[in-house]
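Q: got a sequence here, can you build the structure:
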Amino acid sequence: MRASRTVQRMSVLAAVAALGVVATGQPAWAVEQTLKIGKYVFAHGGVINSGYTLYACDDRANGVGAVTEVRLNTGYTDNVRDPNGSASGCGQKNTSGSSYALQYRVCSGEACTGWARAY
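A: Next up, the predicted model:
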């Protein structure tokens with residue numbers, strides 16, 4: 001199951017980047033972090049579509065869930081959760097209006113990655 005999620009993730013990132021080139025003539029950027037404690041991967045998530053789309057993926061069937069949190073250019077924050085736990089698929093959401101992510105982190109329960117640039 002882990003290999004198929006990795007293939008799915010790479011396909012989504014490639015498709016979004018390609019769409020950005022076609023639509024704007026410039027590449028759309030995408031960034032991702034993985035929350036790993038020791039040898040265990042709990043979640044991954046990131047920002048795609050040049051900061052306008054957030055996603056979160058739960059990688060561990062432990063009942064805790066995954067969330068990607070972002071700090072927006074407007075000074076507000078936003079987040080997206082994986083709605084189906086560790087089952088196939090991830091949570092995804094667009095930012096509102098012209099807001100885009102400047103920083104992001106991935107969390108599962110109380111554990112989070114550090115804040116990272118979303119560009």
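
Q: I figured Y119 hits V31, correct?
A: Yes - here Y119 reaches V31: they are 7.2 Å apart, a contact under Cβ atoms under 8 Å. In short, each C-beta sits where N, CA and C put it, glycine included.

Q: how close does C107 sit to Q33?
A: Counting by Cβ to Cβ, to the nearest Å, the separation of C107 from Q33 is 10 Å.

Q: any residues in contact with both of these two?
A: T113 (Cβ atoms under 8 Å, 6 or more residues apart in numbering).

Q: low-confidence stretches in the chain?
A: Applying pLDDT under 70 to the chain flags the ranges 1-27.

Q: Y119 and V31: who's more crowded?
A: V31 (16 against 13; other Cβ atoms under 10 Å).

Q: quick one: that one from P83, how far?
A: 22 Å.

Q: just so I have it, where are all the strands in the protein?
A: In order along the chain, the chain carries the following strands (DSSP state E): 31-37, 40-48, 53-58, 67-72, 77-81, 91-94, 101-108, 111-112, 116-117.

Q: give me the angle between the fifth one and strand 67-72.
A: When you say that, I think you mean strand 77-81. Interaxial angle of strand 77-81 relative to strand 67-72 (axes from the mean of the first three to the mean of the last three Cα atoms, to 10 degrees): 160 degrees.
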